[in-house]
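**Q** I would like to see how this sequence folds:
(one chain, ligands or ions: 1)
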Amino acid sequence: MTTSTRGATKTPAVLVLEDGRIFRGRAYGAVGETFGEAVFSTGMTGYQETLTDPSYHRQVVVMTAPHVGNTGVNDEDPESKRIWVSGYVVRDPARVPSNWRSRRTLDEELAAQGVVGISGIDTRALTRHLRERGAMRVGIFSGDALQDDGALLARVQEAPQMKGADLSAEVATTEAYVVPALGEKKFTVAAVDLGIKGMTPHRMAERGIEVHVLPATATVEDVYAVNPDGVFFSNGPGDPATADHPVSVMRGILERGTPLFGICFGNQILGRALGFGTYKLKYGHRGINQPVQDRTTGKVEVTAHNHGFAVDAPLDQVSETPFGRAEVSHVCLNDNVVEGLQLLDRPAFSVQYHPEAAAGPHDAAYLFDRFVSLMEGQRA
Ligand SMILES: NC(=O)CC[C@H](N)C(=O)O
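**A** Residues are numbered from 1 along each chain as shown. Alright, predicted model coming up:
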């Protein structure tokens, strides 16, 4: 028996970081072994959305909130068809989950989906370690996978790095599909799926947009085959420096001047399409309480983030790009990281964070309205 409806098992587990730091706890979810990049999320709620966000593919997520699983698992909140995190780290799993929508416990769900986790470790110490040393590779081992620490460390050090990882094709749809507009259809959008979250097409559908979700391999011709009023590039896992195909597709769209909106990976791709570089942040931004300023209005919004890379663009000047003038439209108030880009001569913009707000505060929902305005402007 590897799971328990009463929270953690008694099965010993160990978490091994690539720099040799080790935490001992108990198995949570599946028993076995897993590898990934250790990152921390500061979200106090929304663990189902976090677990099922395809952008977390190949990452082991450490929850800074000490109690996880309190509301169990429901069938409404997942952002995709499966859990994508490669491992899960919690301090104190709920012993008695309780919510009217709950169908299962979180440890049952993790075990059913084969996701190896660990509980009962000092997640505050682990988070501080990652904040000081930076995100790094990690392994979690339990059951038959337990060996001596040196052997486990060697295996962690052989695991693939996140820098240089090209992962969109591993998570994106292989077949195009349509999310119909809710109510009267006003616009058609081609959405390039690099790891899209379910709430994103939903937020567009709510605004009368019929969304044609296209595989990551879509070409400029595939995009225009749906006769779009606008084009969207989604969030997604991996290193944006590897995303050469979407960057070239986006350039084709910018050349035609079709309204364009990007979220997260989509923002990094717009950055690259304009000629800016991208770089890996020391430990990234993950959680639902990140302050961002919209420099076009001066307003500050509290926002949902999940990114480990960022765009390297000058904050206080307008840049000349192959597609006209561009500027940094949004900035993170914690660390001045670029959180949004906008073109001044073409109808295109993007943000590094998550206006679809799943989970998270809805402060940034206006960005979907901005996209609608661009499409209206193009028609006028
Ligand atoms: N949520 C995302 O789209 C993440 C983008 C990219 N993989 C990063 O880590 O920065």
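**Q** Could you check the pLDDT of Arg6?
**A** Model confidence at Arg6, given as pLDDT, is 47.
**Q** Which neighbouring elements make contact with the longest strand along the chain?
**A** Longest strand in the chain, counting residues (DSSP state E): strand 277-294. Helices and strands touching strand 277-294, by 3 or more C-beta pairs under 8 Å, 6 or more residues apart in numbering; DSSP states H and E, are strand 33-41, helix 123-133, helix 265-273, strand 300-312, strand 324-332, strand 338-343. Placement of C-beta: from N, CA and C, glycine included.
**Q** buried ones in it?
**A** Of the residues in strand 277-294, those with enough neighbours to count as buried (16 or more other C-beta atoms under 10 Å) are Thr278, Lys280, Tyr283, Gly284, His285, Arg286, Gly287, Ile288, Gln290, Val292, Gln293, Asp294.
**Q** How about the contacts made by the residue of the stretch 251-380 of the chain at minimum distance from the ligand?
**A** Residue nearest to the ligand within the stretch 251-380 of the chain: Cys264 (3.0 Å; C-beta to the nearest ligand atom). Taking C-beta atoms under 8 Å, 6 or more residues apart in numbering as the contact definition, Cys264 lies against Ser55, Ser234, Asn235, Gly236, Asn306, His307, Val351, Gln352, Tyr353, His354.
**Q** Read off the pLDDT value for it.
**A** pLDDT for Cys264: 98.
**Q** Could I get the helices and strands packed on strand 277-294 in TSV, plus columns for distance to Tyr177?
**A** Shown next, in TSV, are these (distance: least, C-beta to C-beta, whole Å):
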stretch	distance to Tyr177
strand 33-41	28
helix 123-133	37
helix 265-273	19
strand 300-312	23
strand 324-332	30
strand 338-343	28
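**Q** can you tell me which residues contact the residue nearest to the spatial centre of the chain?
**A** With distances taken as C-alpha atoms, centre = their mean, Ser55 lies nearest the centre of the chain, 3.6 Å away. Listed by C-beta under 8 Å, 6+ apart, the contact set of Ser55 reads Trp84, Gly195, Lys197, Asn235, Gly236, Pro237, Cys264, Phe265, Asn306, His307.
**Q** follow-up on the earlier one: out of the contacts of Cys264, who's near the ligand?
**A** Near the ligand, judged by C-beta under 6 Å from any ligand atom, the entries from the contacts of Cys264 are Ser55, Asn235, Gly236, Asn306, His307.
**Q** want to throw the residues you listed into JSON lines with pLDDT and distance to Glu132?
**A** Output for the ones next to the ligand among the contacts of Cys264, formatted as JSON lines (pLDDT from 0 to 100; distance: C-beta to C-beta, whole Å):
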{"residue": "Ser55", "pLDDT": "98", "distance to Glu132": "24"}
{"residue": "Asn235", "pLDDT": "98", "distance to Glu132": "27"}
{"residue": "Gly236", "pLDDT": "98", "distance to Glu132": "28"}
{"residue": "Asn306", "pLDDT": "98", "distance to Glu132": "21"}
{"residue": "His307", "pLDDT": "98", "distance to Glu132": "20"}
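**Q** Considering those, which possesses the most neighbours?
**A** The most crowded member of these, judged by other C-beta atoms under 10 Å, is Gly236 (31 neighbours).
**Q** ok, that residue - contacts?
**A** Applying C-beta under 8 Å, 6+ apart to Gly236 gives the contacts 54-55, 167-168, 171-172, 193-196, 216, 264-265.
**Q** That one belongs to a helix, doesn't it?
**A** No - using DSSP: H, G, I helix; E, B strand; the rest coil, the assignment for Gly236 is coil, not a helix.
**Q** burial of the closest residue to Gly266 other than its chain neighbours, as a residue count?
**A** Take Gly266 and drop its neighbours on the chain: the residue closest to it by C-beta to C-beta, 6 or more residues apart in numbering is Phe233, 3.3 Å away. Phe233 has 31 neighbouring residues, counting by other C-beta under 10 Å.
**Q** Can you verify my assumption that Phe233 contacts Gly262?
**A** Yes - using C-beta atoms under 8 Å as the test, Phe233 is close enough to Gly262 to be in contact (4.1 Å).
**Q** Give the residues shared as contacts by those two.
**A** Counting by C-beta under 8 Å, 6+ apart, the contacts common to Phe233 and Gly262 are Met250, Ile269, Leu270, Ser350.
**Q** now the second one: how far from Val337?
**A** Read that as Ile269. Counting by C-beta to C-beta, to the nearest Å, the gap from Ile269 to Val337 is 17 Å.
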